[in-house]
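Chemist: Could you look at this predicted model? Sequence included:
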Amino acid sequence: MGHLDHATFGWLTPVLSYVMACTGAALGLRCTVRALGSTGRARRNWLLTAASAIGTGIWTMHFVAMLGFGVSGTAIRYDVPLTVLSLVVAVVVVSAGVFAVGYSRDRGRALLLGGLTTGLGVASMHYLGMAAVRLHGDVRYDPMLVGLSVLIAVVAATAALWAALNIRSPVAVTLASLVMGAAVSSMHYTGMFAVSVHVTPSGSPLPGATAMQFIFPLAVGLGSYLFLTSAFVALSPTAGEREASASAQRPVPGATR
C-alpha cells in the first residue's frame, strides 16, 4: 500500500486552499445578499455571480489542496476532461441551489432543497476530481468516511444558503464565510482520509497532465477571478446606496435655485 501525503508542501496548500474556500464563500454570500435586494435582470446577474463564485471557490479549494497530495511509489497525473467536468458540475449544481433560494417564495423548502442539491453537487465535484487522478495502482475508499464527507457537504451548503438568507451585515458575512470555508475544507480532507492506494509499480508513462502543468495554472486563473470579482463587488454601490444617491440628486419641491 502506498503512503499518502496530503501536505507535501507543508502547511502551504491546506492554508491556501482554506483561503480560497473562504474567499469564494464570502463573495457568494455578498452577491446573494445583493440579489435578494434586487429585482429582474439585476437579481439574475447577482445570483449568477454568486453561483460562479461559490462553485469556483470550492473547486479551487479542492485542487489547491490536491497540489499537496502525493503517493509514495507512483507519480500522479490528472485526466484533463474529467477535471474540467468537475468544475462545470460544481458551478452548475451550485447555481441550481442558489437560484432555488433566490427565486422561491417558500424559503424553508427552498433552503432544504437548495442545500441538498448544492451539497450533493459539492460532493460530486470532489469525487469527480478524484476520479480524474491517474496513478500506478488502485484507489479505494472507506464507505463510512465517504458518507460522512457527503453529509458534511450537505450541512455546509445548507448553512451557507441559510446565511445568505438571514445575514446582512459585512461582519456577519465575513464570519459566516470563515465557517463555510472550514466546513468545505473539512469535507475535502474527510474525503481524502477515506482514500487508500494499493500501488502497482510500473515503468509505463501515465496519461494526463501533471498538477503543475494543468491544475496550478487553472487554479491561479480562477483564484484571480475570485479576488478581482471580490474587489468589484466591494466597490459597487448597494441598492440602498444607489437609492440614497438618487434621492439626494432629486430637486426639493419648492426649493429656489
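Modeler: The structure has been received and is ready for your questions.

Chemist: quick one: low-confidence parts of the stretch 151-257 of the chain?
Modeler: Within the stretch 151-257 of the chain, the stretches falling below the threshold (pLDDT under 70) are 234-257.

Chemist: Please enumerate the strands of it.
Modeler: When assigned using DSSP state E, counting those that start in this stretch, the strands of the stretch 151-257 of the chain occupy the ranges 195-199.

Chemist: At which residues are the helices of it located?
Modeler: The residue ranges that make up the helices of the stretch 151-257 of the chain, judged by DSSP state H, counting those that start in this stretch, are 170-193, 216-235, 239-249.

Chemist: Quickly find the element holding G121.
Modeler: Using DSSP states H and E, G121 falls within helix 107-131.

Chemist: how big is the angle separating that helix from helix 170-193?
Modeler: For helix 107-131 against helix 170-193, the angle by axes from the mean of the first three to the mean of the last three CA atoms, to 10 degrees is 40 degrees.

Chemist: now helix 107-131 and strand 195-199, what's the angle there?
Modeler: In terms of direction (the same axes, to 10 degrees), helix 107-131 departs from strand 195-199 by 10 degrees.

Chemist: Buried residues of helix 107-131, list them for me.
Modeler: Neighbour-count burial for helix 107-131, counted by 16 or more other CB atoms under 10 Å, picks out 107, 110-111, 113-130. Backbone N, C-alpha and C define where each C-beta goes, glycine included.

Chemist: For the stretch 1-150 of the chain, which segments count as strands?
Modeler: Listed from the start of the chain, the stretch 1-150 of the chain has strands (DSSP E, counting those that start in this stretch) covering 4-5, 70-71, 77-78, 133-134, 137-141.

Chemist: any idea what sits nearest H198, other than its immediate chain neighbours?
Modeler: D138 (4.8 Å; CB to CB, 6 or more residues apart in numbering).

Chemist: For the one you found, give me its contacts.
Modeler: When contacts are counted by CB atoms under 8 Å, 6 or more residues apart in numbering, D138 touches V197, H198, T200.

Chemist: Now for F193, how many residues are close by?
Modeler: 14 (other CB atoms under 10 Å).

Chemist: if we can go back for a sec, which of the contacts of D138 has the largest number of neighbours?
Modeler: Neighbour max across the contacts of D138 (other CB under 10 Å) = V197, 21 neighbours.

Chemist: Provide the backbone phi and psi angles at the closest residue in space to M144 that isn't next to it in sequence.
Modeler: Of all residues beyond its chain neighbours, the one nearest M144 is A194 (7.9 Å), with distances taken as CB to CB, 6+ apart. The main-chain torsion angles of A194 are listed as degrees, to the nearest 10 and equal phi -80, psi -10.
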